[in-house]
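K.L.:
From the sequence below, what's the structure:
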Amino acid sequence: MLIPHGRRLGLRFVEKKENSLIIEMSFNPELEIIPGSGIMANGALTAFMDTALGAAVYDQFDLYRKIVTLDLRMDYFEKPQPFSSVIVKTRCLKITNQVAFVQGDIYDSEDASPIAHGVGVFSHSGVEKTS
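P.N.:
Numbering: from 1, shown residues only. Presented below is the predicted three-dimensional model:
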């Protein structure tokens, strides 16, 4: 993952399908809610979702764009399985001239139902060259 924050979280790009990305976050004891519990903290899952949704927005453009998270809503359905990696499947819903609307679901295994759902709005703008 090229995003420094994503590298710190241990994110790994898995797959791209049309306008969606699949990204994995491996279990890391630094992300536990209670040391030794094996359960990732909600804050880690939120950071994961924000980074993954931002990556999904970046993926929509051929040229580099500056993006900023304007709004991020998370709904948590259940905790991930202890000591498990999690994956997020993102979807780009709509791109306008100034904002992008994206959503994603976090899973702790391919066959499971989502453990969390997120919806984000990101602003985007082109990068001007300076002399």
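
K.L.:
hey, let's count contacts and neighbours off CA atoms from now on
P.N.:
OK.

K.L.:
what sits against the residue lying closest to residue 31 once chain neighbours are set aside?
P.N.:
Leaving aside its sequence neighbours, residue 31 sits nearest to residue 40 (CA to CA, 6 or more residues apart in numbering; 5.3 Å). With contact taken as CA atoms under 8 Å, 6 or more residues apart in numbering, residue 40 is in contact with 27, 31, 32, 33, 79, 80, 82, 83.

K.L.:
which of those tops the neighbour count?
P.N.:
Highest neighbour count within the contacts of residue 40: residue 80, with 23 neighbours (other CA atoms under 10 Å).

K.L.:
Help me confirm that that one comes into contact with residue 112.
P.N.:
No: using CA atoms under 8 Å, residue 80 is not in contact with residue 112, being 10.4 Å away.

K.L.:
C-terminal to the lengthiest helix in the chain, what's the next element?
P.N.:
Secondary structure of the chain per DSSP state H: the longest helix is helix 42-58. Next in sequence after helix 42-58, counting helices and strands by DSSP states H and E, comes strand 65-76.

K.L.:
For that following strand, buried residues please.
P.N.:
65, 67, 69, 72, 74, 76 (16 or more other CA atoms under 10 Å).

K.L.:
tell me the SS of the residue nearest to the second one when sequence neighbours are not counted?
P.N.:
Meaning residue 67. Distance criterion CA to CA, 6+ apart; nearest residue to residue 67, sequence neighbours excluded, is residue 124 at 4.4 Å. Classification of residue 124 by DSSP: H, G, I helix; E, B strand; the rest coil places it in strand.

K.L.:
tally of neighbours for residue 124?
P.N.:
Neighbours around residue 124, by other CA under 10 Å: 20.

K.L.:
which residues does the spatially most central residue of the chain contact?
P.N.:
In the chain, the centroid-proximal residue (CA atoms, centre = their mean) is residue 52; its distance is 2.2 Å. Contacts for residue 52 were tallied using CA under 8 Å, 6+ apart; they are 21, 23, 88, 90.
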